[in-house]
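Chemist: Okay, here's the prediction I keep looking at, along with the sequence it came from:
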Amino acid sequence: MIAAIKPAGSKTRGLLAYLYGPGRHDEHFDPHLVAAFAMLGLPDPGREENATLTELARHLDAPVRLRNSEFGKPVTDHVWHCAVRAAPEDRQLSDVEWGEIAGRIVDAAGIAPAGDDLACRWIAVRHADDHIHILATTVREDGRRPKRHNSGVRVGHECREIEKDYGLRQLKRGDGTGSRRPAQAEMHKADRLGWEQTTQQWLEDRIRAAIPHVTDAEELLTYLEADGVAVKPRRGPSGDLLGYAVGRPGDENAKGEQIYQAGGKIAPDLSVPKLRVRLETATSEEHPTARRTQHTTPWHQATDALDSFHAELTGSTGDGPGADARAQAHLASLGELIEATAQRAPADLRGEIRSASREFARAQRSQVRAEDRVADTVRLAARDIVHTATGPEGSALAALLAAMIWSAVLAQRWHEAKGHAQQSAAARRALDHLQTAVDQVLAPTLAELELRLPREETRRTLAHDVRTAVPGHAERILADEDWPALATVLADAEARGHKPHQLLKEAAEQRELDTARRPVRALITRIQHVGRDPVRNLRAEAARLRSTQSIPAASGTGSAQPRPSAPATAPERGGHPRR
């Protein structure tokens with residue numbers, strides 16, 4: 001059930017004309033009162049032939065007229081309007097039930113607290129099966145204005161209780177950190193102009209897409225302007241940036257003027273103070289390429305960076321504001337990494353990963369104040385991807401997406417433990433998109449691996465490794481259709497000097513397999529990532545070093561020194577055959 005409180009109005013008679021009228025598309029039928037401040041003697045123009053809208057408006061406005069006659073400054077914002085709608089799948093409520101619900105809503109809003117004989121006057125009109133409209137005049141019988149501070153939050157909480165009491169669809173309770181829900185007028189305008197998103201949704205996507213590219217709030221505004229967004233900064237006398245507003249090209253008012261929306265109104269975490277703390281913590285003194293090794297790309301670096309995320313979220317289930325602040329910082333940085341990946345992923349995967357990014361935007365913020373500095377590693381990895389990465393190799397992208405899936409699972413658990421219902425649901429939706437994306441990117445990799453199936457004897461040995469390394473999951477792994485591909489990955493890693501038993505054990509410790517939808521694929525992506533580099537042969541390197549040091553240095557003045565004899569060493573083995 002959703003209760004939408006509209007902006008305050010000044011014309012009681014005009015709103016009554018809409019509630020009792022046919023509607024904009026003749027969708028209203030049988031409009032009538034289901035509840036009111038005093039049903040006895042109150043005219044109902046929908047059911048009484050001689051009752052008029054003007055008469056009903058006069059009843060509702062009586063306290064307003066009395067107050068305006070006694071005070072010099074008249075009240076002009078006295079019309080309170082709230083639409084209360086049930087979910088499409090909910091059962092049809094009776095007039096009596098709707099009347100009870102209306103009474104609970106005006107009580108929660110502070111319009112008419114239960115037992116208050118001097119409360120505001122109000123009515124509830126029903127003109128459809130699935131919703132009612134509550135109209136109130138916000139001047140009490142004693143001439144005072146009602147206390148409505150934070151009324152939207154209280155009404156939302158009451159709706160959650162109503163859902164339980166009446167057996168309706170139960171929505172998630174919010175915490176005030178979600179984006180504002182688009183108004184009907186905004187949605188109608190988007191439809192009229194042929195836009196797939198409302199202006200607010202479009203602007204939020206543009207701002208979040210820009211964040212991985214910039215290092216401070218000033219850069220963010222410059223980037224947005226270059227991206228075609230209308231930007232209006234707000235500065236203090238010293239020139240410092242205090243705030244900003246952004247607008248969508250073509251979104252104009254009746255006078256043809258550009259409409260702007262403040263960043264903090266688009267989403268709570270997009271205000272200048274919060275962006276400044278978040279962006280300016282992550283700074284690197286070295287060029288991104290200086291942090292790479294021969295076989296490491298930004299995609300590999302991002303996967304490695306998520307290991308710190310996993311460690312933090314796994315260890316943050318305990319109490320304490322410090323642990324929560326660190327976990328919240330990692331959640332915000334994960335959102336930036338998903339967005340950066342969406343921008344640089346292959347075209348056929350971009351839509352799915354971008355959908356995951358949009359969903360996770362709700363999961364990356366809560367009332368917990370983040371200690372942003374601890375998440376610099378993940379945030380810098382996101383910047384490396386958008387600034388320096390070209391198209392990723394399939395296994396590297398699959399490993400990153402798999403690490404993001406485990407991250408989303410941990411994020412969902414953390415939010416559930418903290419009672420963040422909306423964020424937990426958003427993490428679950430993002431997880432679904434990420435799983436679809438990793439399945440798509442893995443398909444050609446799995447086909448190629450199965451073409452290089454190891455010999456039967458090698459597969460039997462590798463199966464023994466599986467049974468000893470992960471005994472609780474061995475039968476499920478060996479019966480999976482992707483087991484041949486995993487056998488190939490293990491054989492490839494062994495050829496580079498890795499031990500399959502150790503790789504399997506470490507992979508299972510890093511990502512629990514109980515909750516994995518496809519545990520074999522989780523192992524494949526992880527082992528391909530950690531086993532991509534050959535193991536260093538320290539004996540061979542030491543022998544080469546001794547050989548280099550034994551060569552006498554040429555000197556123009558000194559005589560050649562005798563070459564010391566090298567100690568005998570056992571011949572190096574070119575590999576380590578299976579047992």
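Modeler: Alright, I've got the coordinates. Numbers count the residues shown, from 1 in each chain.
Chemist: could you pull out the strands for the stretch 251-400 of the chain?
Modeler: Remark: strands assigned in the stretch 251-400 of the chain by DSSP state E, counting those that start in this stretch are 261-262.
Chemist: which stretches of it have low pLDDT?
Modeler: Judged by pLDDT under 70, the stretch 251-400 of the chain has its weakly predicted residues at 281-295, 315-321, 389, 391.
Chemist: try 80 this time
Modeler: 280-296, 312, 314-321, 372, 388-393 (pLDDT under 80).
Chemist: Repeat that for the stretch 451-579 of the chain.
Modeler: For the stretch 451-579 of the chain (pLDDT under 80), the answer is 536-579.
Chemist: redo that, cut-off 50
Modeler: Low-confidence segments of the stretch 451-579 of the chain (pLDDT under 50): 553-579.
Chemist: can you pull out the helices in it?
Modeler: 456-469, 474-478, 483-495, 500-510, 519-530, 538-550 (DSSP state H, counting those that start in this stretch).
Chemist: Show the residue spans covered by the strands in the stretch 51-200 of the chain.
Modeler: Assigned strands in the stretch 51-200 of the chain, in chain order: 79-85, 121-126, 131-137 (criterion: DSSP E, counting those that start in this stretch).
Chemist: Make CSV out of these and add distance to Leu504, mean neighbour count and mean pLDDT.
Modeler: Placement of C-beta: from N, CA and C, glycine included. Shown next, in CSV, are the strands of the stretch 51-200 of the chain (distance: least, Cβ to Cβ, whole Å; neighbours: other Cβ atoms under 10 Å; pLDDT from 0 to 100):
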stretch, distance to Leu504, mean neighbour count, mean pLDDT
strand 79-85, 53, 20, 95
strand 121-126, 63, 25, 96
strand 131-137, 56, 24, 96
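Chemist: about what we covered before: which among the helices of the stretch 451-579 of the chain is found nearest to Glu158?
Modeler: With Cβ to Cβ as the criterion, Glu158 lies closest to helix 519-530 of those, at 43.2 Å.
Chemist: what's that closest one in contact with?
Modeler: 300, 303, 395-396, 398-399, 401-403, 405-406, 438-439, 442, 445-446, 449, 473, 476-477, 480, 482-483, 485-486, 489-490, 493, 503-504, 506-508, 510-511, 513, 516 (Cβ atoms under 8 Å, 6 or more residues apart in numbering).
Chemist: Quick check on these: which are buried?
Modeler: 300, 303, 395-396, 398-399, 401-403, 405-406, 438-439, 442, 445-446, 449, 473, 477, 480, 482-483, 485-486, 489-490, 493, 503-504, 507-508, 510-511, 513, 516 (16 or more other Cβ atoms under 10 Å).
Chemist: okay but Thr52 is in contact with Asp44, surely?
Modeler: No - applying Cβ atoms under 8 Å as the test, Thr52 and Asp44 come out as separate, 10.6 Å apart.
Chemist: what about those two, which has more around it?
Modeler: Using other Cβ atoms under 10 Å, the more surrounded residue of Thr52 and Asp44 is Asp44, with 17 against 13.
Chemist: quick revisit: any idea which of the helices of the stretch 451-579 of the chain gets closest to Thr137?
Modeler: Closest approach to Thr137 among these (Cβ to Cβ): helix 519-530, 60.5 Å.
Chemist: and the angle for the closest one with helix 483-495?
Modeler: 20 degrees (axes from the mean of the first three to the mean of the last three Cα atoms, to 10 degrees).
Chemist: what about helix 519-530, distance to the chain center?
Modeler: 25 Å (Cα atoms, centre = their mean, to the nearest Å).
Chemist: same check, this time on stretch 468-482
Modeler: Using Cα atoms, centre = their mean, the offset of stretch 468-482 from its chain centre is 33 Å.
Chemist: CA atoms of it as PDB?
Modeler: Listed next in PDB are the C-alpha coordinates belonging to stretch 468-482 (Å, rounded to 0.1, in the frame of the first residue of the first chain):
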ATOM      1  CA  THR A 468      40.000 -34.300  -0.900                       C
ATOM      2  CA  ALA A 469      39.900 -30.400  -1.200                       C
ATOM      3  CA  VAL A 470      36.100 -29.900  -1.000                       C
ATOM      4  CA  PRO A 471      34.600 -33.200   0.300                       C
ATOM      5  CA  GLY A 472      31.300 -31.600   1.100                       C
ATOM      6  CA  HIS A 473      30.700 -30.500  -2.400                       C
ATOM      7  CA  ALA A 474      32.600 -33.100  -4.400                       C
ATOM      8  CA  GLU A 475      29.700 -35.100  -5.700                       C
ATOM      9  CA  ARG A 476      27.800 -32.000  -6.800                       C
ATOM     10  CA  ILE A 477      30.800 -30.700  -8.600                       C
ATOM     11  CA  LEU A 478      31.700 -33.900 -10.400                       C
ATOM     12  CA  ALA A 479      28.100 -34.400 -11.500                       C
ATOM     13  CA  ASP A 480      27.800 -30.900 -12.900                       C
ATOM     14  CA  GLU A 481      27.800 -30.500 -16.700                       C
ATOM     15  CA  ASP A 482      30.600 -28.000 -16.400                       C
END
